[in-house]
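Asks: got a predicted model here, sequence first, then my questions.
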Amino acid sequence: MSQELVCITCPMGCHLTVESLPGGEIQVSGNRCPRGAVYAREETLAPKRVVTATCSLGRPCAGKACADGAHRESLSAPRRVPCRTTAAFPKESIDALIGALYAIEVPLPVKRGDVVLHDALGTGIDVIATRTIE
Amino acid sequence: MKELSFDAAVIGGGAAGMAAALEISGRGLSCAVIEREDGLGGILMQCIHNGFGLIEFNEELSGPEFAQRFEDRLKASNIRAFCGATVIEIENQGDAKVISCVSSAQGVVRIRARAIVLAMGCRERNRGNIRIPGSRPAGVFTAGLAQRLVNIEGYIPGKDVVIIGSGDIGLIMARRMSWVGCKVHAVVEILPYPSGLTRNIVQCLKDFGIPLYLSHLTTNIYGNDRVEGVEVTPIENGALMFEKSFRIPCDTVLLSVGLVPENELSRNFGVEINPMTNGPWVDSTLMTSVPGVFACGNVLHVHDLVDFVVEEARRAGSFAADWLSGKKPTKEIRVKAGSNVRYVTPSRLDPTRDNKLYMRTMIVKNDALLEVKLDNKVVRSQKKNHVQPSEMISFSLGPAELAQAATQDSTLEISLQ
């Protein structure tokens, strides 16, 4: 069985062909440098991505008061706190991770680097807040 | 009315503005940063995806992390930041410039400075700029506006999305909209190749099975109160094939069709603009046609990496500090974009020291040759593994190549083949 990939290690964008050999080994062709083979191996056997998302802040918006009495979000008074995984996360579990992150309410104040989800789905990877909000 | 005086003032508190201000303040000069949002960080604050800082910090950060590292340094310095203040005018007053800004907290504030660094960034091109026919329903957003709504303000602008243009912001938003539970039905690109980086095509479209229609034009937007769909027409040999048009139902259209440097203030103050970049013409010290006014970051030309923005901004800050201490280049030569080169900036170089140049090509090519000619004589010939319009090319030229430039009238031409 063979699979086509485009290498994203550098802007050259080599078109890689990955052949699955008996015994679980794979063979890569089309790469112009060794990094292409490493990329293809990981992308075929255990694809991973850094996941970035936002969590709720668990408070009514403290943004600017508008003329009609309602509050408006602003850059310094956002309604969501951005977060990311501390390492690339197994691709097949990303949907479950995102579901877990959307269920979290982060209490204020939050500091950049605070762990919002420890050992996400038992992977050993943490999810941290990526900005400080007072 | 409040009046304040500084050695230098920086307009814009994003990545470029903060980096330039830190450089000026580091040289022992007083500096103000004027920002129209109520906080610093600029566009980085809504770019919550990662990939920033590989050159600057040697690690992969999200936009807010990158911005707040600079903000921390700013807070530890004596730079005065005016947030929530919109600059409405710059005027000459004697040998100083006076910046008028308005803020809801302080009313009109006038800031007097001898040097100004422009760091206002870009604005997105919108539907009017690219003239998409059809009705005018709700649900048409620029990709960056949708990004702000989703990532900062906590609103999801629709459910079924079509993205027009394959610029990086559009690709990033395809992934974001998918991750917040929307269905992205297509990305439509007029050119035969994607405008965004390959890694974004793979990680933002292929991962989600989102179709990319290359050489296709959006020829209609349907809907009365709300968007109901778009009509897409293939382009073959430069002609629209209307008999092959098809309709994609959707309730939201995101536009990722380029950025325009925001230079209304600069123009009104007499700064001359380069039509190829929509940013100011600058000399070897990143100074515009108005003495004492410098420019850096996306207001000068559209960058693809924030790491390049802060590097350029630091140089602009340093040159502004030099200018304030009376240091000026003794000799400059002209720089011209040659064949297959859309633009080169700056447009003048100082042959007595190292100069950093940024350029963009018009072609997609592997194994290209970058050629630098000084008065029609080749002074540098460099192989490039891969060039494409969406990847900015940067390189340095110094006395080794330029020392022979004996005359003030010398011209340097940069071309790619």
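Replies: Good, I have the coordinates.
Asks: quickly list what A:H15 is bridged to.
Replies: With DSSP bridges as the criterion, A:H15 is bridged to A:V6.
Asks: pull the number of nearby residues for it.
Replies: When neighbours are defined as other Cβ atoms under 10 Å in any protein chain shown, A:H15 has 12 of them. To be clear about C-beta, it is placed using only N, CA and C from the backbone, and glycine gets the same treatment.
Asks: residues contacting it?
Replies: A:4-7, A:30 (Cβ atoms under 8 Å, 6 or more residues apart in numbering or on different chains).
Asks: go on, B:D160?
Replies: B:D160 neighbours (Cβ under 8 Å, 6+ apart): B:182-183, B:185, B:249-252.
Asks: is it correct that A:I8 falls within a strand?
Replies: No - read with DSSP: H, G, I helix; E, B strand; the rest coil, A:I8 is coil and lies in no strand.
Asks: got the contact list for it?
Replies: A:39, B:198-199, B:202-203.
Asks: pull out the buried members of the contacts of B:D160.
Replies: B:182, B:185, B:250-252 (16 or more other Cβ atoms under 10 Å in any protein chain shown).
Asks: before we move on, back to that, most widely separated two among the contacts of B:D160?
Replies: Spanning the widest gap among the contacts of B:D160 are B:C182 and B:P249, at 13.7 Å by Cβ to Cβ.
Asks: ramachandran coordinates for the closest residue in space to B:Y343 that isn't next to it in sequence?
Replies: In space, and not counting its chain neighbours, B:Y343 is closest to B:M276: 4.2 Å by Cβ to Cβ, 6 or more residues apart in numbering or on different chains. With angles defined as degrees, to the nearest 10, B:M276 sits at phi -80, psi -30.
Asks: so B:M276 sits right up against B:V341, yeah?
Replies: No - applying Cβ atoms under 8 Å, one finds B:M276 not in contact with B:V341, separated by 9.7 Å.
Asks: which one's more surrounded, those two?
Replies: Neighbours were counted for B:M276 and for B:V341 using other Cβ under 10 Å; B:V341 has more, 22 against 16.
Asks: tell me the SS of whatever residue of the stretch 251-400 of chain B ends up closest to chain A?
Replies: Closest contact between the stretch 251-400 of chain B and chain A, by Cβ to the nearest Cβ, is at B:H386 (4.7 Å). Classification of B:H386 by three-state DSSP places it in strand.
Asks: for it, name its beta-bridge partners.
Replies: B:N366.
Asks: same for the strand or helix carrying B:V335, what does it pack against?
Replies: Assessed by DSSP states H and E, B:V335 sits inside strand B:333-337. For strand B:333-337, the elements it packs on are strand B:341-345, strand B:348-349, strand B:411-416, judged by 3 or more Cβ pairs under 8 Å, 6 or more residues apart in numbering or on different chains; DSSP states H and E.
Asks: what's around residue 27, how many residues?
Replies: By default, I'm working from chain A. By other Cβ under 10 Å, 13 other residues sit near A:Q27.
Asks: my bad, chain B
Replies: 16.
Asks: any idea how far it is from B:V10?
Replies: 13 Å (Cβ to Cβ, to the nearest Å).
Asks: show me which helix runs longest in the chain.
Replies: Because you didn't say which chain, this covers chain A. helix A:34-45 (DSSP state H).
Asks: let's do chain B instead
Replies: Under DSSP H, chain B gives helix B:306-324 as its longest helix.
Asks: which helices and strands sit right next to that one?
Replies: Helix B:306-324 packs on strand B:2-11, helix B:15-26, helix B:63-75, strand B:107-118, strand B:293-295, strand B:355-361, going by 3+ Cβ pairs under 8 Å, 6+ apart.
Asks: residues touching the most centrally placed residue in chain A, list them.
Replies: The centroid of chain A falls nearest to A:V51 when counting by Cα atoms, centre = their mean (0.6 Å). Going by Cβ under 8 Å, 6+ apart, A:V51 touches A:84-85, A:89, A:94, A:97-98, A:127.
Asks: next one: phi and psi at it?
Replies: Dihedral angles (degrees, to the nearest 10) for A:V51: phi -100, psi 130.
Asks: where does it land on pLDDT?
Replies: On the pLDDT scale, A:V51 is placed at 96.
Asks: same question for B:S410.
Replies: Predicted confidence (pLDDT) for B:S410: 88.
Asks: picking up where we left off before, just the ones of the contacts of A:I8 in helices?
Replies: A:39, B:198-199.
Asks: in JSON lines: those, plus pLDDT, distance to B:S394 and neighbour count.
Replies: As requested, the ones in helices among the contacts of A:I8 are exported to JSON lines (pLDDT from 0 to 100; distance: Cβ to Cβ, whole Å; neighbours: other Cβ atoms under 10 Å in any protein chain shown):
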{"residue": "A:Y39", "pLDDT": "89", "distance to B:S394": "25", "neighbour count": "21"}
{"residue": "B:T198", "pLDDT": "82", "distance to B:S394": "19", "neighbour count": "21"}
{"residue": "B:R199", "pLDDT": "83", "distance to B:S394": "19", "neighbour count": "18"}
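Asks: turn those residues into a markdown table, columns for distance to B:T86.
Replies: Rendered in a markdown table, the data for these read as follows (distance: Cβ to Cβ, whole Å):
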| residue | distance to B:T86 |
| --- | --- |
| A:Y39 | 46 |
| B:T198 | 38 |
| B:R199 | 36 |
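Asks: can you tell me which of those is closest to B:L40?
Replies: B:R199 (28.4 Å).
Asks: could you list every residue that touches residue 130?
Replies: Went with chain A since none was named. A:52, A:82-84, A:112, B:48, B:61-62, B:64-65.
Asks: wrong one, chain B
Replies: Contacts of B:I130 by Cβ under 8 Å, 6+ apart are B:255, B:257.
Asks: pLDDT score for it?
Replies: What the model reports as pLDDT for B:I130 is 92.
Asks: ok, it to B:E264 distance?
Replies: In terms of Cβ to Cβ, B:I130 sits 20 Å off from B:E264.
Asks: is it true that B:S318 touches B:L22?
Replies: No - between B:S318 and B:L22 there is no contact under Cβ under 8 Å: 10.5 Å.
Asks: neighbour-wise, which of the two wins?
Replies: Each of B:S318 and B:L22 has its neighbours counted (other Cβ under 10 Å); B:L22 has more, 22 against 18.
Asks: could you report the separation of that one from chain A?
Replies: 19 Å (Cβ to the nearest Cβ, to the nearest Å).
Asks: now that residue. Nearest residue, chain neighbours left out?
Replies: B:R73 (5.7 Å).
Asks: so what pLDDT did A:D68 get?
Replies: The model's pLDDT for A:D68 equals 59.
Asks: mind listing residues that contact the helix or strand of chain B with the lowest mean pLDDT?
Replies: The helix or strand of chain B with the poorest confidence is helix B:198-200; it has a mean of 85 (mean pLDDT, DSSP states H and E). Residues outside helix B:198-200 that contact it (Cβ under 8 Å, 6+ apart): A:6, A:8, A:11, A:13, B:168, B:171-172.
Asks: so which one among those has the lowest pLDDT?
Replies: Within the contacts of helix B:198-200, lowest confidence goes to A:P11 (65).
Asks: now do the strands in chain A.
Replies: With strands called from DSSP state E, chain A shows them at A:2-6, A:15-20, A:26-29, A:48-49, A:52-56, A:64-65, A:71-72, A:80-85, A:89-90, A:115-117, A:127-129.
Asks: show the pLDDT at B:D304.
Replies: The model's pLDDT for B:D304 equals 87.
Asks: from what I can see it touches B:E391, true?
Replies: Yes - at 6.8 Å, B:D304 and B:E391 qualify as touching, with contact defined as Cβ under 8 Å.
Asks: low-confidence ranges, chain B, go.
Replies: Scanning chain B for pLDDT under 70 picks out B:406.
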